[in-house]
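**Q** Fold the following, please.
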Amino acid sequence: MASVPSKWALIGPTRINDGGLGAIGRIHSIAVHPTTPTTIYVGAPWCGIWKTTNGGGSWQPVGDSLPTLALAALAVDPITPTRLYAGLAGDGIYRSDDAAATWVRISDDLGTRAGDGVFLIDPMTPARLYLTAGANGLYRSNDAGASWTVVKTGFVNDVAMHPIKPTILYAGVQGDGIYRTTTGGAAGDSAWRKLPGLPTSGFTRVTLALCLGTPNTIYAGLSGNPFRLYRATDGGTFALRYTAPDSIYNPWLGVDPADPSIVYLPSQTFQRSTDGAASFHVTDPDTHECQKLALDPVTPGVIYLGRDHGIFRSTDRGVSFTQIGSGISNVEFYDGAVAATDPRLMLGGAQDNGTSKYDGTSTVWKQIWGGDGATVAFDPTNEKIFYGMEQYASSIVRSTNGGGSKKPFAAGLPPESGACRNLQFFVHPATPATLLACCRSLWRITSPSGTWTPIFTPSGESIVRAAVDPPVDLYYAGSSSGKLYAGPSGASWQQVFENPGRAITDLRVDPDARGVLFATFGGVGAGRVYRLTRATPAPATLSAVDITANLPVGLGVNSLAIDRMAPFIVYVGTDRGVYRGVSINKGASWSWSAYNNGLPLAKVSDLEVHPTSGVMRAATYGRSAYEVYTDWPIGTLAEATGRLTFLRVHDVGTGWGPPSDFLDVEVVIQLDTMPERGFGFQLRADSEEGARRGMLDLLRGAFARNGRVTIDYVKTGLRSGRIIRVLDLP
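**A** Numbering: from 1, shown residues only. Got it, this is the predicted structure:
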């Protein structure tokens, strides 16, 4: 990445090499240009809207100017294809008239859930729109989305439109059945007739598919145990065609536009029927976790499949598929980890995309382990040793060879499959053989061949986050009800703070300020971020200050990071990007501002700061991962201006600063503009000695008269720099 401070850069994945068709993140919405199908728009609940104009050869985000990435539904106007409509969950309806270059809000939110909406446009009267809104029913607009009216009540899962007579609509109502209108629903519920042939109970979600070439042929999928599929060939009377062996996940249905006997059943796997839904079979074993189906509007037989792993195209009616989503950075990370011993490396645990690794060379990541990913952690002394899991406590594993192999590492933890989904676990920062895990209790393991044992179980609540203060080996444990406990070396626990009713979402010990702990909590108002300090190694209570201050109301806080480059600066990852908290009076008061230059308004699930480079990385749920230099990186030439608050000349070899930022110099200064940093240069006998003594004379003069100077320096540590030039200012 370009080392420009405060500007985020994408590090991927833009593709995950998984040994198969390749993967990106989940795709829930697909809208294909009606006459030029190489132009496609896609999206999902947390990734916004993406566009390709070359059939998937390259992609660009086109919805990042919108106030949220939570896409609910998407549609392209069939008559004026430069016009698009997007429903954003919890926000409203937006329209673009320039092929998604800009957007205008045209309506309030109708209640459509993220990833779950169906948006239809009447091709005869394109100002007439329909949008499903779940339990709020089916809405219609007659004025291109400016106003909306409910035309069908009930929990409407799906809606299908007759291609020749668009006033004929079919609505699938959850747990109820299928309704038909011939008037576009103009008179509300009275305009709809319930169609016969379906059961009256024993099902939930209802999905529909209508054959464009033979529009009286309609298929209906009824989710239940078992899943059943019905067909009508007269546009009105359904009969059972297929009963699955059991319950299956069925988001949508599809039918070939030219051949009504070819039916597509997206599910845990992609299945196809060639006999009018009498039987189904899996065509491509790598097409699992299906989410959306769309038909090519120009070429029958070409279909698009949205999956948890991306957007795929088939040119042979679903027999085989190709990934066309490479370049879309929409992986849904639950957690990330950086390697202390190699700043290039990062691990990420992702929804449906397992555990993958970034090596600093490409935005294409390599999948280490498949399945679902979740929490990840590196050994702080050896990047070859790391840990991962799927989504439950019993799935934790350990690798000692960089992921080449793994061994179970969950002995003793609750074995049930649903125990502690996406639990937090981490390596003890000072004792790498010890790990801690939050699974109702706080658990500990002390060797690779050991067994996890609970070391703290509070009464009536669960431990959800933990941290360790290494210099004094003080353990912290945070609960789901907002209580914070402390235990020296994991024993003698006592409650040291409480934020009632607010689950703790993150805990971070400040590595550069002894005895300081930051905590984030659930909620959307005050009390979301605290700075806590201890007075002793075994405190009975912590001094706590609510530093939420002006952090915007309504933002959930998911994660926290502490700036290694500067004291009294922290960052929080929210549901809409990152915010930076700054105190200019050593913690007495705080101010927050958005810190999203280059970063979309993504749900930031984890923030990690590398301990020596200071680079911060953000793992997002829906927009992959980013990194940022919060200040100039070590080794760069930088400039600083200010008044001297400290000037010291000492013996050769004495140096200045802590071991991590040690300056091997004889002259040290500090500036009022950077009070926690040190700058210096050597006075040793060499060819540059005269020039350096001249710099010392300038600094002494400025210090004596309280004048300002500008220094050019090479950054040598997180908070130190070697001066190469001094300019005396008036």
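
**Q** Check which helix or strand the closest residue to Met124 other than its chain neighbours maps to.
**A** The shortest distance from Met124 to any non-neighbouring residue, by C-beta to C-beta, 6 or more residues apart in numbering, is to Pro166 (5.4 Å). Glycine gets a C-beta too; all of them are placed from N, C-alpha and C. Using DSSP states H and E, Pro166 is not contained in any helix or strand.

**Q** roughly how far apart are Pro166 and Gly63?
**A** Distance of Pro166 to Gly63, given as C-beta to C-beta, to the nearest Å: 27 Å.

**Q** in the longest strand anywhere in the chain, what counts as buried?
**A** What stands out as the longest strand in the chain, according to DSSP state E, is strand 637-649. Within strand 637-649, the residues scored as buried using 16 or more other C-beta atoms under 10 Å are 640, 642-644.

**Q** before we move on, the earlier item: higher neighbour count, Pro166 and Gly63?
**A** Gly63 (24 against 17; other C-beta atoms under 10 Å).

**Q** show me where pLDDT drops low in this protein?
**A** Where the chain drops to pLDDT under 70, the residues are 1-3.

**Q** Show me how it divides into domains.
**A** 333-628, 637-728 (automatic domain parsing).

**Q** and among those domains, the most buried is which?
**A** Most buried of these, by mean neighbour count (mean count of other C-beta atoms under 10 Å): domain 333-628, with a mean of 19.

**Q** give me phi/psi at Pro470?
**A** Here is the backbone geometry of Pro470 (degrees, to the nearest 10): phi -60, psi -40.

**Q** Which parts of the chain are helices?
**A** Under the criterion DSSP state H, helices of the chain are mapped to 689-704.

**Q** Who are the contact partners of the residue most central in space within it?
**A** By C-alpha atoms, centre = their mean, the mean C-alpha position of the chain lies nearest to Tyr621, the distance being 1.4 Å. For Tyr621, the contacting residues are 46, 332-334, 351, 602-605, by C-beta atoms under 8 Å, 6 or more residues apart in numbering.

**Q** With distance to Pro78 as added columns, please give those in CSV.
**A** CSV is the format used below for the contacts of Tyr621 (distance: C-beta to C-beta, whole Å):
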residue, distance to Pro78
Trp46, 28
Glu332, 31
Phe333, 36
Tyr334, 39
Gln351, 33
Ala602, 31
Lys603, 33
Val604, 37
Ser605, 38
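
**Q** any idea which of the residues you listed is the one closest to Tyr476?
**A** Nearest to Tyr476 among the contacts of Tyr621: Ser605, at 20.7 Å, using C-beta to C-beta.

**Q** Pairing partners for the nearest residue to that closest one once chain neighbours are set aside in the sheet, please.
**A** Leaving out its chain neighbours, the residue that sits closest to Ser605 by C-beta to C-beta, 6+ apart is Tyr621, at 4.7 Å. Judged by DSSP bridges, the bridge partners of Tyr621 are Glu332.

**Q** And for Ile16?
**A** Ala23, Trp365.

**Q** I'd say it and Ile24 touch.
**A** Yes - using C-beta atoms under 8 Å, Ile16 is in contact with Ile24, at 7.0 Å.

**Q** Gln268 contacts Glu289, correct?
**A** Yes - checked against C-beta under 8 Å, the pair Gln268 and Glu289 is within contact range at 6.6 Å.

**Q** Wait, Met565 touches Val628, no?
**A** No - with contact defined as C-beta under 8 Å, Met565 does not reach Val628; the gap is 11.0 Å.

**Q** Just give the nearest non-adjacent residue to Asp379, would you?
**A** Asp379's closest residue in space is Ile385 (C-beta to C-beta, 6+ apart), at 3.7 Å.

**Q** still on that earlier bit, quick check, nearest of the buried residues of strand 637-649 to Leu88?
**A** Looking across the buried residues of strand 637-649 and measuring by C-beta to C-beta, the closest to Leu88 is Ala640, at 43.5 Å.

**Q** what residues are up against the closest one?
**A** The contact partners of Ala640, taken as C-beta under 8 Å, 6+ apart, are 671, 673-674, 679, 710-711, 713, 721.

**Q** could those residues go into JSON lines alongside distance to Gln174?
**A** Converted to JSON lines, these look like this (distance: C-beta to C-beta, whole Å):
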{"residue": "Leu671", "distance to Gln174": "65"}
{"residue": "Thr673", "distance to Gln174": "62"}
{"residue": "Met674", "distance to Gln174": "60"}
{"residue": "Phe679", "distance to Gln174": "66"}
{"residue": "Thr710", "distance to Gln174": "68"}
{"residue": "Ile711", "distance to Gln174": "68"}
{"residue": "Tyr713", "distance to Gln174": "65"}
{"residue": "Gly721", "distance to Gln174": "63"}
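
**Q** Quick one: neighbours of Asp296, just the number.
**A** 17.

**Q** Now for it: which residues touch it?
**A** Listed by C-beta under 8 Å, 6+ apart, the contact set of Asp296 reads 32, 37, 302-304.

**Q** and with 6 Å instead?
**A** 37, 302 (C-beta atoms under 6 Å, 6 or more residues apart in numbering).

**Q** and if you look at Leu644?
**A** Leu644 touches 669, 702-703, counting by C-beta under 6 Å, 6+ apart.

**Q** Look up the residues forming beta bridges with it.
**A** Leu671.

**Q** and Ser29, how many neighbours?
**A** Using other C-beta under 10 Å, the number of residues around Ser29 comes to 29.

**Q** my guess is it contacts Ala75, does it?
**A** No - Ser29 is beyond contact range of Ala75, at 9.0 Å (criterion: C-beta atoms under 6 Å).

**Q** who touches stretch 28-45?
**A** By C-beta under 6 Å, 6+ apart, stretch 28-45 touches 26-27, 49-55, 70-71, 74-76, 78, 81, 114-115, 291-292, 294, 296-298, 304, 306, 311.

**Q** which of those residues count as buried?
**A** The neighbour count (16+ other C-beta under 10 Å) marks 26-27, 49-52, 70-71, 74-76, 78, 81, 114-115, 291-292, 294, 296-297, 304, 306, 311 as buried among these.

**Q** what sits up against stretch 372-390?
**A** Here stretch 372-390 has contacts from 334-335, 337, 339-342, 345, 347, 349-350, 352, 354-355, 369, 371, 391, 395-402, 422, 425-427, 432, using C-beta under 6 Å, 6+ apart.

**Q** Could I have the CA atoms of it written out in PDB?
**A** Taking C-alpha atoms only, stretch 372-390 is exported to PDB below (Å, rounded to 0.1, in the frame of the first residue of the first chain):
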ATOM      1  CA  ASP A 372     -17.000 -21.300   8.400                       C
ATOM      2  CA  GLY A 373     -14.300 -19.200   9.900                       C
ATOM      3  CA  ALA A 374     -14.300 -17.300  13.200                       C
ATOM      4  CA  THR A 375     -11.700 -16.200  15.800                       C
ATOM      5  CA  VAL A 376      -8.100 -16.400  14.800                       C
ATOM      6  CA  ALA A 377      -4.800 -15.800  16.700                       C
ATOM      7  CA  PHE A 378      -1.100 -15.900  16.100                       C
ATOM      8  CA  ASP A 379       1.600 -17.000  18.600                       C
ATOM      9  CA  PRO A 380       3.400 -13.600  19.400                       C
ATOM     10  CA  THR A 381       6.800 -15.300  19.100                       C
ATOM     11  CA  ASN A 382       6.400 -17.400  16.000                       C
ATOM     12  CA  GLU A 383       4.200 -16.700  13.000                       C
ATOM     13  CA  LYS A 384       4.200 -20.300  12.000                       C
ATOM     14  CA  ILE A 385       2.100 -21.100  15.100                       C
ATOM     15  CA  PHE A 386      -1.500 -19.900  14.900                       C
ATOM     16  CA  TYR A 387      -5.000 -20.900  15.900                       C
ATOM     17  CA  GLY A 388      -8.400 -20.800  14.200                       C
ATOM     18  CA  MET A 389     -11.900 -22.300  14.500                       C
ATOM     19  CA  GLU A 390     -15.100 -22.700  12.800                       C
END
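
**Q** For the stretch 601-730 of the chain, just list every one of the strands.
**A** With DSSP state E, counting those that start in this stretch as the criterion, the stretch 601-730 of the chain has strands at 604-609, 616-620, 625-628, 637-649, 667-671, 674-681, 708-717, 720-728.
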